[in-house]
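[1] A structural model of the following input is requested.
(chains A, B and C)
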Amino acid sequence: MRKQIERKRHIRSSSSSLLCANKGAWTAEEDQKLADFVRTHGAKKWKSIPVQAGLNRCGKSCRFRWLNYLRPNIKRGNISDQEEDLILRLHKLLGNRWSLIARRLPGRTDNEIKNYWNSHLSKKIMNQSDSTVESSSVEASANHIVEEPPQEVPIQENLFGGSLDIETSFNVDEFFDFSNDGLLSLEWVSEFLDHA
DNA sequence: AACGAAGTCAACCGCTAATTT
DNA sequence: GAAATTAGCGGTTGACTTCGT
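    Residues are numbered from 1 along each chain as shown, chains lettered A, B, ... in the order given. Take a look at the predicted model:
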């Protein structure tokens, strides 16, 4: 499939936006320009980056390209069973909060996980629930979340049986932000979720 | 071989939150 | 504190490939 994507050098046409002079798939030359510029000057002030880097793109497009494909340590494709399991568990817990889920998977982006979910995992869950006469609580819960945004369901219920007060005791964003401690691993999260 | 349907995923859009002036 | 700007997010689109008939 990688080859297919590489060959996608088409220009998507859209009349709804006049902000980006150039749209559609990025060329190798554009990638090179953007990557060089960001490495030299840093990833900030995205609005001015395309002008300074000599790209006929909008800042949003540049930011997206950098974050999802060009920045260092990006993993593409080959999502492991362990990662898939983690995505399933985290989605059950967090719903469609792709950026939060992505933060738990080093090298993965929210866009990739979102795509993977929509094309693979959502169907997997559907199939599981269809083929199971007596659905387990896990499957039933997962299926429920697909159809209804889990924001309505207090996360504490999932984790701690619903006994905690939402406002005072728990902030899911902070709880799941491990960017500072560096201690988190896939194993750690899996272990934690096993007890959730 | 030809065609249409379904699947995949890169990229864009609109909106909101956060930050700066 | 208000307005403007910037960053980030999730949803959606659409080009392309693969599969089934």
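
[2] Can you list the buried residues in the one helix or strand residue A:64 maps to?
    Using DSSP states H and E, residue A:64 falls within helix A:59-65. By 16 or more other Cβ atoms under 10 Å, the buried positions in helix A:59-65 come out as A:59, A:61-65. Backbone N, C-alpha and C define where each C-beta goes, glycine included.

[3] Check stretch A:106-126 too.
    Buried residues in stretch A:106-126, counted by 16+ other Cβ under 10 Å: A:108-110, A:112-113, A:116-117, A:121, A:125.

[4] Next: stretch A:42-56.
    Going by 16+ other Cβ under 10 Å, stretch A:42-56 has these buried residues: A:43, A:46, A:49-50, A:53, A:55.

[5] Can you mark which positions in stretch A:77-85 are buried?
    Buried-residue list, stretch A:77-85, by 16+ other Cβ under 10 Å: A:79, A:83.

[6] Just the CA coordinates for it, please, in PDB.
    Coordinates of each C-alpha in stretch A:77-85 appear next as PDB, following Å, rounded to 0.1, in the frame of the first residue of the first chain:
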ATOM      1  CA  GLY A  77       2.200   1.700   9.100                       C
ATOM      2  CA  ASN A  78       2.700  -1.800  10.600                       C
ATOM      3  CA  ILE A  79       0.700  -1.200  13.700                       C
ATOM      4  CA  SER A  80       1.500  -4.100  16.000                       C
ATOM      5  CA  ASP A  81      -1.000  -6.200  17.900                       C
ATOM      6  CA  GLN A  82       0.100  -4.600  21.100                       C
ATOM      7  CA  GLU A  83      -0.500  -1.200  19.700                       C
ATOM      8  CA  GLU A  84      -3.800  -2.200  18.300                       C
ATOM      9  CA  ASP A  85      -4.900  -3.600  21.600                       C
END
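
[7] What average pLDDT does it get?
    The pLDDT scores in stretch A:77-85 average 84.

[8] same question, stretch A:54-73
    Throughout stretch A:54-73, pLDDT has a mean value of 88.

[9] what about the helices in chain A?
    Ranges of helices in chain A, per DSSP state H, are A:2-6, A:28-41, A:49-53, A:59-65, A:81-94, A:98-103, A:110-116, A:122-131, A:137-147, A:155-160, A:166-169, A:172-175, A:186-194.

[10] picking up where we left off before, from the buried residues of stretch A:42-56, pick the one nearest residue A:83.
    Checking these against residue A:83 with Cβ to Cβ, the nearest one is residue A:43 at 25.0 Å.

[11] Can you report how many residues neighbour the closest residue to that closest one other than its chain neighbours?
    Computed as Cβ to Cβ, 6 or more residues apart in numbering, the closest residue to residue A:43 that is not its neighbour in sequence is residue A:66, at 6.0 Å. If you count neighbours by other Cβ atoms under 10 Å, residue A:66 ends up with 20.
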